[in-house]
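1. Only the shape, not the letters, is given here:
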């Protein structure tokens, strides 16, 4: 088994003892991303749609650092502060997965880091 940390300056620095992503053999495990703009280091607070866009940009940057893109994603987990925001987040998310979307679950949680409205993680394979 080969295990490698994936890191890019184009995604937020981890805010705890974890990596942006870990590549094990041909599988990439991307940590949950929130709407932190990596260039200013702060949360983008433009409503749930604005947050979802930033989250997807962060995921995209990490995928690219592993020489992957959204077509490699096989599984996503979406965490929402309010399930009423599902249609808005789903609309943003859907723009990144127009064909053969990955498996996914979406759950409402009571609180997310930095009081954001959405967090998404994913698993991708070569």
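-> Happy to help now that I have it. Predicted, not measured: the structure shown is a model, and the values here were computed from it.

2. residues touching residue 91, list them.
-> Neighbouring residues of residue 91 by C-beta atoms under 8 Å, 6 or more residues apart in numbering: residue 49. Glycine gets a C-beta too; all of them are placed from N, C-alpha and C.

3. and residue 85, that one's in a helix?
-> Yes. Using DSSP: H, G, I helix; E, B strand; the rest coil, the secondary structure at residue 85 is a helix.

4. shouldn't it be in contact with residue 116?
-> No. The criterion here is C-beta atoms under 8 Å, and residue 85 misses it with residue 116 at 11.3 Å.

5. Phi first, then psi, for the nearest residue to residue 92 once chain neighbours are set aside.
-> Spatially, and ignoring its direct neighbours in sequence, residue 92 is nearest to residue 52 (3.9 Å; C-beta to C-beta, 6 or more residues apart in numbering). Per-residue torsions, residue 52: phi -60, psi -40 (degrees, to the nearest 10).

6. how many other residues sit next to residue 52?
-> When neighbours are defined as other C-beta atoms under 10 Å, residue 52 has 27 of them.

7. Distance check, it against residue 80.
-> 10 Å (C-beta to C-beta, to the nearest Å).

8. overlap in contacts of these two?
-> 89, 118.

9. Check the gap between residue 71 and residue 56 for me.
-> Using C-beta to C-beta, residue 71 is found at 14 Å from residue 56.

10. who's more crowded, these two?
-> Set residue 71 next to residue 56 and count neighbours by other C-beta under 10 Å: residue 56 wins out with 21 against 13.

11. In contact with residue 18, which residues?
-> Applying C-beta under 8 Å, 6+ apart, the residues near residue 18 are residue 31.

12. list the contacts for the residue nearest to residue 92?
-> 35, 88-89, 92-93, 118, 120.

13. go with 6 Å
-> 89, 92, 118 (C-beta atoms under 6 Å, 6 or more residues apart in numbering).

14. And the residue of the chain positioned farthest from its centre, how close does it get to residue 106?
-> Farthest-out residue of the chain from its mean C-alpha position, per C-alpha atoms, centre = their mean: residue 1, at 24.9 Å. Residue 1 sits 31 Å away from residue 106, going by C-beta to C-beta.
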